[in-house]
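Enquirer: mind folding the following:
(chains A and B)
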Amino acid sequence: MNRRHLHVACAALLALMCAQPQPALAYLKFGVPANGRQVTLKWAQTPVRYFISTQSAAAGVNASEFQAAVARAFATWEAVPSSSISYQLAGITAATPGRDDGLSVLGFLNRPDLDRVLASTSFLVDRVTGALVESDIFFNASFIWSVDSAGAANRFDLESIALHEIGHLSGLGHSALGETELREGGGRRVLGAEAVMFPIAFAAGSIAGRTLKADDIAGISDLYPAADFEGSTGSMSGTVTKNGQPVFGAHVVAFDPAKGSLVGSFTLNAQGQFSINGLSPGPHIVRVEPIDDAEVDSFFDANGVDTDFRVAFSDRVVVVPRGGDSGPVTVTVVRK
Amino acid sequence: MRTLILSLCAVALALPARATVLIPADLGELAHDALAIARGRVAAVDAQWTEDRGTIETIVTLEVEGYLKGALGSTVRFRTPGGELGRFRSIVVGAPEFAVGQRIIVFLGARGPSVPHVLGLSQGVFRIARAADNSGWVVMPPTLWPATAGDVRVVRGETSRRPVRLDDFEQRIRVLAGGAK
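Expert: Predicted coordinates:
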């Protein structure tokens, strides 16, 4: 590592340690078993055709406002230049989201029983072929919503939540690139997020979730790459170990100090390996941390996940080549 | 039921589907809101059509070892969205998944005369596991206890945040639930 890179690394490390919010995780893709093999959950054909339910009005939002807000959210994902994903409104339907009818439907449902769920995405998957048959998004009409361009106090921003859920509909899982705090009066709130796919909502009134971040862009581009995606970006792969043993469920974050962007992944096999695609070429700093501040189940099955280690960094700056992989990166963590 | 399996390939991590925007709850809120809080072992996981036959849901049967709040009998059944029936798998992302034999603590809610549901989806489930040093049982994931002296920023990797011993967890939950047992 030359002196310039060392300076960059030191500055970035300092930024990483001091930044508010503290950076964390990365994008995930869904996978399903089908006929004895593992299949990445994604649409085989684009544009993805979706329907708007006639149940598309709720407190704070009428049907046309709902359709317009959802359309803006779809357009935001479509506008990612390194991704080929596209969507098409197929029509208005009397069907409701959450029914296994072969249609991908977005709309409101009144679900007071899901008292802490603003919205949710569901999939119907063919277990034999692994094909994604449909994906619905329901927004919980038990909450008060807003489509105001600047947001509205005490109302949840429909476009922000739709952007998150459409990420899921497209095949993206949750990102942990966010930070929260516990409130003295009870509850927990988001301080900041570096991914739309962070699973916990900003407080009512915020519109911070309308803009995709580097992690979201890398994820959607990895799933639906545009022609120049692989050639114009790079990847990083490696292993996380503790006491010489692989670590399962560690967060691995790649920080590009030149762009100030964060993209990452998790170690999710018995070898403690990770792989991150869609990185900007150039030097990156790698940070590894446990998922010990959230419901692990929100990301993946908690069984076997190791959260008993301290935050650690790679001992060198990792250079990601354009159109290639960094070569193996090993990060060693220690117990708390 | 482990409906989705992890994989790692050269270009992608493929993961189980969890995908919901949540309003986060702390344990005090969950304990307060719960109709019942049960510790037990999962005895059965059965997918079925919902009453309106619109989609698939899963009924989880829990052999109850004890209640931290309320009481719903020695065996309690609760529902969670999604499941596998025939050729198709319905995945309601954000919904917890269960496997026969798992020991869990589950915060249950119900509206009217219905099969209870898990409060806050994955927020209302805690897994009981052997401590790393085999000294007993701990609750996973590490717990975020309610803040009592000002707002508290949650920092990953903090050395004080470890899996909580099962008996400590239960004692504190009982207090949060108002002493109900």
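Enquirer: report the longest helix in chain B, please.
Expert: helix B:166-176 (DSSP state H).
Enquirer: please see if that helix touches chain A.
Expert: No. Helix B:166-176 does not reach chain A (Cβ under 8 Å from any Cβ of the partner chain); its nearest approach is 10.5 Å. All C-beta atoms are positioned from the backbone trio N, CA, C, and that covers glycine.
Enquirer: what is that helix packed up against?
Expert: Judged by 3 or more Cβ pairs under 8 Å, 6 or more residues apart in numbering or on different chains; DSSP states H and E, helix B:166-176 is in contact with helix B:27-33, strand B:56-69, strand B:103-109, strand B:137-140.
Enquirer: recalculate using a threshold of 10 Å.
Expert: Helices and strands touching helix B:166-176, by 3 or more Cβ pairs under 10 Å, 6 or more residues apart in numbering or on different chains; DSSP states H and E, are helix B:27-33, strand B:36-49, strand B:56-69, strand B:103-109, strand B:125-130, strand B:137-140, strand B:164-165.
Enquirer: most tightly packed of those?
Expert: Counting by mean count of other Cβ atoms under 10 Å in any protein chain shown, strand B:103-109 has the highest mean neighbour count of these, with a mean of 22.
Enquirer: please enumerate residues in contact with the longest helix of chain B?
Expert: Contact with helix B:166-176 is made by B:26-32, B:34, B:37, B:39, B:66-69, B:103, B:105, B:107, B:126, B:128-129, B:131, B:136-139, B:143, B:145-146, B:163-165, B:180-181, as judged by Cβ atoms under 10 Å, 6 or more residues apart in numbering or on different chains.
Enquirer: stretch B:107-114 and chain A in contact?
Expert: Yes. Under the criterion of Cβ under 10 Å from any Cβ of the partner chain, chain A is reached by stretch B:107-114 at B:G109, B:A110, B:R111, B:G112, B:S114.
Enquirer: take those residues and write them to CSV, including pLDDT.
Expert: What follows is these, written out as CSV (pLDDT from 0 to 100):
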residue, pLDDT
B:G109, 92
B:A110, 87
B:R111, 78
B:G112, 74
B:S114, 81
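Enquirer: chain A: which of the residues you listed is nearest?
Expert: Minimum distance to chain A across the residues of stretch B:107-114 next to chain A is 5.2 Å, recorded for B:R111 (Cβ to the nearest Cβ).
Enquirer: how about that closest one, phi and psi?
Expert: Phi and psi for B:R111, reported as degrees, to the nearest 10, are phi -120, psi 110.
Enquirer: which residues touch the residue nearest to it when sequence neighbours are not counted?
Expert: Counting by Cβ to Cβ, 6 or more residues apart in numbering or on different chains, B:R111 lies nearest to A:D113, which is 5.2 Å off, once chain neighbours are set aside. Residues in contact with A:D113 (Cβ under 10 Å, 6+ apart) are A:N140, A:S142, B:R79, B:G109, B:A110, B:R111, B:G112, B:S114, B:P116, B:H117, B:L119.
Enquirer: and A:V61, by the same measure?
Expert: A:Q67, A:A68, A:A69, A:F108, A:F139, A:A141, A:I144, A:W145, A:S146, A:V147, A:R155, A:L158.
Enquirer: likewise A:A34?
Expert: A:L41, A:V125, A:D126, A:R127, A:V128, A:T129, A:G130, A:A131, B:R89.
Enquirer: need the per-residue pLDDT for it.
Expert: As predicted, A:A34 sits at a pLDDT of 85.
Enquirer: ok, it to B:I56 distance?
Expert: 17 Å (Cβ to Cβ, to the nearest Å).
Enquirer: before we move on, which element is A:L163 in?
Expert: If you go by DSSP states H and E, A:L163 is part of helix A:158-170.
Enquirer: in its sheet, what does the helix or strand following that helix sit against?
Expert: The helix or strand immediately downstream of helix A:158-170 is strand A:178-182, counting by DSSP H and E. Its sheet considered, strand A:178-182 pairs with strand A:188-193 (antiparallel), strand B:152-153 (antiparallel) by DSSP bridges.
Enquirer: chain center to the first one: distance?
Expert: So the one you mean is strand A:188-193. Distance, stretch centre to chain centre, for strand A:188-193: 15 Å (Cα atoms, centre = their mean, to the nearest Å).
Enquirer: pull out the CA atoms of that strand and give them to me as CSV.
Expert: The C-alpha coordinates for strand A:188-193 follow below in CSV (Å, rounded to 0.1, in the frame of the first residue of the first chain):
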residue,chain,number,x,y,z
ARG,A,188,-36.8,2.7,18.8
ARG,A,189,-36.2,5.0,15.9
VAL,A,190,-34.0,5.2,12.8
LEU,A,191,-31.2,7.7,13.0
GLY,A,192,-30.0,7.2,9.5
ALA,A,193,-29.9,4.6,6.7
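Enquirer: list the buried residues for that strand?
Expert: Within strand A:188-193, the residues scored as buried using 16 or more other Cβ atoms under 10 Å in any protein chain shown are A:R188, A:R189, A:V190, A:G192, A:A193.
Enquirer: what bridges to the second one?
Expert: This points to A:R189. Beta-bridge partners for A:R189, by DSSP bridges, are A:E181.
Enquirer: what segments of chain A are helices?
Expert: In chain order, chain A shows helices spanning A:3-18, A:63-78, A:158-170, A:214-223, A:229-232, with DSSP H as the criterion.
Enquirer: could you dump the second one to CSV, C-alpha only?
Expert: Listed in CSV are the C-alpha atoms of helix A:63-78, where the atom choice follows Å, rounded to 0.1, in the frame of the first residue of the first chain:
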residue,chain,number,x,y,z
ALA,A,63,-56.8,6.0,-5.5
SER,A,64,-55.2,8.3,-8.0
GLU,A,65,-52.6,9.5,-5.5
PHE,A,66,-51.8,6.0,-4.7
GLN,A,67,-51.3,5.0,-8.3
ALA,A,68,-49.1,8.1,-8.9
ALA,A,69,-46.9,7.5,-5.8
VAL,A,70,-46.4,3.9,-6.7
ALA,A,71,-45.6,4.8,-10.3
ARG,A,72,-42.9,7.2,-9.1
ALA,A,73,-41.4,4.5,-6.9
PHE,A,74,-41.3,2.0,-9.9
ALA,A,75,-39.7,4.8,-12.0
THR,A,76,-37.0,5.3,-9.4
TRP,A,77,-35.9,1.7,-9.7
GLU,A,78,-36.2,1.8,-13.5
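Enquirer: would it count as contacting chain B?
Expert: No. Counting by Cβ under 10 Å from any Cβ, chain B is not contacted by helix A:63-78; separation bottoms out at 12.6 Å.
Enquirer: and that helix, what other elements does it pack with?
Expert: Where contact means 3+ Cβ pairs under 10 Å, 6+ apart, helix A:63-78 is packed against strand A:48-53, strand A:87-93, strand A:105-109, strand A:132-140, strand A:145-146, helix A:158-170, helix A:214-223.
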